[in-house]
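Colleague: What follows is a predicted structure for the sequence shown.
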Amino acid sequence: MPKLSFLAIKLLAISFVTTLYFSLGFLSAKVLDFFLKDFDEKAESKKPTWQVFLEIIMRLCGLGILIYIARNLVERVPFPLNGLAGFDYLRLKELHSEFIFTIPLFIFHENFVSKLKSLYNRLQK
């Protein structure tokens, strides 16, 4: 059975990784919204459906690359308690929990969400 100190350090590491991923996801969404022009419903409605779909696919490819970069960044951020009580930070499974990054990224990236809603509404007709 693992020592209590090992478990405490592991819980702190999980909290550390979760905070890093969530913060990076939130900041990435806000930076993307800042640099991308505001969503224009009128301009979007003039585009053919295939073009809107292609733009969403291209954006998803870019977001996939961003997720890869975020995962590599989080893995390289040193954990202050690494090595204590035999804890190895790089063996922590939560280091590969990119979904914690993607949740705020997709929730707060308003430009992308608006584009998805527009396509969804268009396909519902």
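Modeller: Arrived safely, thanks for sending. None of the values given here were measured: they were computed from a predicted structure.
Colleague: how about the helices in this protein?
Modeller: Using DSSP state H, the helices of the chain run over 4-35, 41-46, 49-76, 99-108, 110-124.
Colleague: closest one to residue 85 among the ones you listed?
Modeller: Closest approach to residue 85 among the helices of the chain (C-beta to C-beta): helix 4-35, 4.3 Å. Bear in mind the C-beta positions are built from the backbone N, C-alpha and C, glycine included.
Colleague: Now find how far off-centre the closest one is within its chain.
Modeller: 10 Å (C-alpha atoms, centre = their mean, to the nearest Å).
Colleague: pLDDT weak spots in the chain?
Modeller: 1-2 (pLDDT under 70).
Colleague: 50 instead, please
Modeller: Along the chain, segments meeting pLDDT under 50 span 1.
Colleague: For stretch 98-115, which outside residues touch it?
Modeller: 17-18, 21-22, 24-26, 28-30, 32-33, 36-39, 41, 44, 52, 55-56, 59, 63, 66-67, 70-71, 74 (C-beta atoms under 8 Å, 6 or more residues apart in numbering).
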